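Visitor: attaching a predicted model along with its sequence, questions to come.
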Amino acid sequence: AQKVTQAQTEISVVEKEDVTLDCVYETRDTTYYLFWYKQPPSGELVFLIRRNSFDEQNEISGRYSWNFQKSTSSFNFTITASQVVDSAVYFCALRGDYNNNDMRFGAGTRLTVKP
Amino acid sequence: KAGVTQTPRYLIKTRGQQVTLSCSPISGHRSVSWYQQTPGQGLQFLFEYFSETQRNKGNFPGRFSGRQFSNSRSEMNVSTLELGDSALYLCASSLVAGGTYEQYFGPGTRLTVT
């Protein structure tokens, strides 16, 4: 069975602080895909990143960075120098191989960045 | 390029009624997935369509159904509505089925069942 765990329900930081959102996943698939989505108050899920199971290279995009570690089944997301506009619910998701296509989302982490 | 559109954005129905929600994917995308989001259960996968065929189905009762048309537009139907069906229903489109490509989500349809 596939499962995504986001243990942090809510995180509150002050602007300019760095924050890491944790994501731990479970799957029996050899090939799988991991995603992060942002859901601002408007409700629309915004795609942030996709990573396949064969690519463990970390990625940086501006203030965002992702750390994928297969050894610990984790795909953590770090926001550097957080801003108020980063306030949202962030979801980690897992999708299996071609024969197991449904996307499993974690429960989400609500990030509040205070000015 | 236009994003994923969903209609209607808001809907109020009473128990026992049925409802049809519509989703138009990004141009060129052939896969459409539907999700239900509630405060208690979070984001749950309903089903996925690709080339007018249902490719995968989540763990929802048969009251939830869907279909996809030749232009990739998709509809989902919920019959005999229950109070617990109140949720945000999200549609997502992707180039093809599977995880090779990311899904892009629409703004959702907020359904309230009274």
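Guide: It's in.
Visitor: what bridges to the closest residue to chain B within chain A?
Guide: At 3.3 Å from chain B, A:Y33 is the closest residue in chain A, using C-beta to the nearest C-beta. For the C-beta atoms, the positions are set from N, CA and C on the backbone; glycine is no exception. Judged by DSSP bridges, the bridge partners of A:Y33 are A:N52, A:R95.
Visitor: count the neighbours of it for me.
Guide: Residues lying near A:Y33 (other C-beta atoms under 10 Å in any protein chain shown) number 21.
Visitor: quick one, what contacts it?
Guide: A:R50, A:R51, A:N52, A:S53, A:L94, A:R95, A:G96, B:G99, B:T100 (C-beta atoms under 8 Å, 6 or more residues apart in numbering or on different chains).
Visitor: the residues you listed into JSON lines, with extra columns for neighbour count, distance to A:K16 and pLDDT?
Guide: As requested, the contacts of A:Y33 are exported to JSON lines (neighbours: other C-beta atoms under 10 Å in any protein chain shown; distance: C-beta to C-beta, whole Å; pLDDT from 0 to 100):
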{"residue": "A:R50", "neighbour count": "18", "distance to A:K16": "28", "pLDDT": "91"}
{"residue": "A:R51", "neighbour count": "18", "distance to A:K16": "27", "pLDDT": "91"}
{"residue": "A:N52", "neighbour count": "14", "distance to A:K16": "33", "pLDDT": "90"}
{"residue": "A:S53", "neighbour count": "18", "distance to A:K16": "34", "pLDDT": "91"}
{"residue": "A:L94", "neighbour count": "25", "distance to A:K16": "31", "pLDDT": "93"}
{"residue": "A:R95", "neighbour count": "27", "distance to A:K16": "34", "pLDDT": "89"}
{"residue": "A:G96", "neighbour count": "22", "distance to A:K16": "38", "pLDDT": "81"}
{"residue": "B:G99", "neighbour count": "26", "distance to A:K16": "35", "pLDDT": "69"}
{"residue": "B:T100", "neighbour count": "15", "distance to A:K16": "37", "pLDDT": "72"}
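Visitor: in its sheet, what does the helix or strand of chain B with the lowest mean pLDDT sit against?
Guide: Taking mean pLDDT, DSSP states H and E as the measure, strand B:53-57 is the helix or strand of chain B with the lowest mean score, a mean of 89. Sheet pairing of strand B:53-57 (DSSP bridges) gives strand B:42-50 (antiparallel).
Visitor: could you dump the strand it pairs with to CSV, C-alpha only?
Guide: C-alpha atoms of strand B:42-50 as CSV (Å, rounded to 0.1, in the frame of the first residue of the first chain):
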residue,chain,number,x,y,z
GLY,B,42,-8.0,15.3,3.2
LEU,B,43,-7.4,14.9,-0.5
GLN,B,44,-8.7,11.6,-1.8
PHE,B,45,-8.5,10.2,-5.3
LEU,B,46,-11.8,9.5,-7.0
PHE,B,47,-10.9,8.3,-10.5
GLU,B,48,-8.7,9.0,-13.5
TYR,B,49,-9.7,9.0,-17.2
PHE,B,50,-7.4,8.8,-20.2
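Visitor: what's in contact with that strand?
Guide: Taking C-beta under 8 Å, 6+ apart as the rule, strand B:42-50 contacts A:91, A:93, A:101-108, B:30-38, B:54-60, B:64, B:66-68, B:74, B:76, B:89-90, B:96-97.
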